[in-house]
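J.: Build the 3D model from these lines:
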Amino acid sequence: MAGCLQDDDPDAGDDEDWEPSESMRYIVPYDEGGGTDVYARGIIESLTDAMDEDIQVDNVPGGGGLNGFGELYGSEPDGHTIAGSATPLEVPPQMLDDPGFDQRDLEGIANIGRSTWCLIVNEEYEGEVETFDDVREMHNSGEWDSIGIQEPGSPQDIMTLLAKHGEGYAEEYDWQWEERVQYTGTGPIAEAVTAGEVPCGIGTDAGTEPDVSAGGVYPVCTFWSEGTEVYPDIPSVTDEGYPEMDFIAGVTRGLYAPPDTPDGVIQELTERVEEATQDERYEEWSEETGNPIFYEGPEDANAAIDDAFEEMEELEIVDLIEEHS
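T.: Prediction:
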């Protein structure tokens, strides 16, 4: 009788013995070719084996990542839908315009890597433009007037605004760009720089690496003070003597599940993600691309979003964006 009663309880067994029972959906809230997409496709083979189910990568771009997060938010909390993130990229868009949900309600699964924001330039200028100083001079002299970034509230938006208008930053950077052309992710930015739509743009190291390897663009600097493992030979802006922007210049690659996903499901998911991060194929991908990989559990994934909101609020980033964007 006890066994029969447990079978009739839809919540019974939620905290133990869960495993995927159908194909899974991995939402990437950006276009193909961006850093979040690159990480998804870097781990997908290992993750598919760890889950023992097919996993479909589904790109849902737009809204600064919030379109994809909205898809996740409304999905069944049964463990079969997850999403990648690029925290803190998705935080300011929610602070600027309420999407009707709060990403802090999502259930963290794991952090699996980290990226940094880099400045890339069309290959036409190779040999002439090699540092941030050179890029700044091209804009300040009027030879260039544009730069490719993501939507209002994106890290690129914030970094360029700080460098032109921000207290404690504008005095040192004095970066007098005229126009910022907005795209939905690093992939489209790299394509635009390659095509010459804009002479330069800011994208993640993970997202720009395929385009750099293919030719057409090259990196000149990173905004992360510790540099980038993807492009170990380029300087950071702090190496060139500019104030650090580390609070916005790094990206945590996280994985999340819908709100109210049972603890037992999260535990099983995170164990299988950890298994995937230790797979030699994921490690080989990291060695080939330079993209750093690691595993951090659900608490760290949740903290990444919570901490980003706190930092943005303390620095009054929304006021800066609304005043100048």
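J.: Tell me the buried residues in stretch 113-130?
T.: For stretch 113-130, a neighbour-count test (16 or more other CB atoms under 10 Å) marks 113-122, 125, 129-130 as buried. Quick note: C-beta positions are derived from backbone N, CA and C, even for glycine.
J.: Kindly apply the preceding question to stretch 21-38 instead.
T.: 24-31, 33-38.
J.: returning to what we had before: between the buried residues of stretch 113-130, which is closest to Lys164?
T.: The nearest member of the buried residues of stretch 113-130 to Lys164, counting by CB to CB, is Leu119 at 14.7 Å.
J.: where's the closest one relative to Ser225, distance?
T.: 14 Å (CB to CB, to the nearest Å).
J.: cool, Ile189 as well?
T.: In this view, Ile189 and Ser225 are 22 Å apart by CB to CB.
J.: Looking only at neighbour counts, state which of these two leads.
T.: Taking other CB atoms under 10 Å, Ile189 and Ser225 do not tie; Ile189 has more neighbours (33 against 17).
J.: who's in contact with the helix or strand harbouring that one?
T.: Element membership for Ile189, per DSSP states H and E: helix 186-195. Under the criterion CB atoms under 8 Å, 6 or more residues apart in numbering, residues 30-35, 37, 120-123, 148-150, 181, 183, 198-204, 206-208, 210-211, 216-217 lie in contact with helix 186-195.
J.: Report the buried residues of that helix.
T.: By neighbour count with 16+ other CB under 10 Å, helix 186-195 contains the buried residues 186-194.
J.: The stretch 101-250 of the chain: helices as residue ranges?
T.: 132-140, 155-165, 170-173, 186-195, 205-214, 246-249 (DSSP state H, counting those that start in this stretch).
J.: Glu19 is nearest to which of the ones you listed?
T.: That would be, of the helices of the stretch 101-250 of the chain and by CB to CB, helix 205-214, which comes in at 30.1 Å.
J.: Show me what that closest one is packed against.
T.: If you count contacts as 3 or more CB pairs under 8 Å, 6 or more residues apart in numbering; DSSP states H and E, helix 205-214 packs onto helix 35-51, strand 107-122, helix 186-195, strand 217-222.
J.: quick one: the last one to chain centroid distance?
T.: Spelled out, that is strand 217-222. Its chain's C-alpha centre and that of strand 217-222 lie 18 Å apart, by CA atoms, centre = their mean, to the nearest Å.
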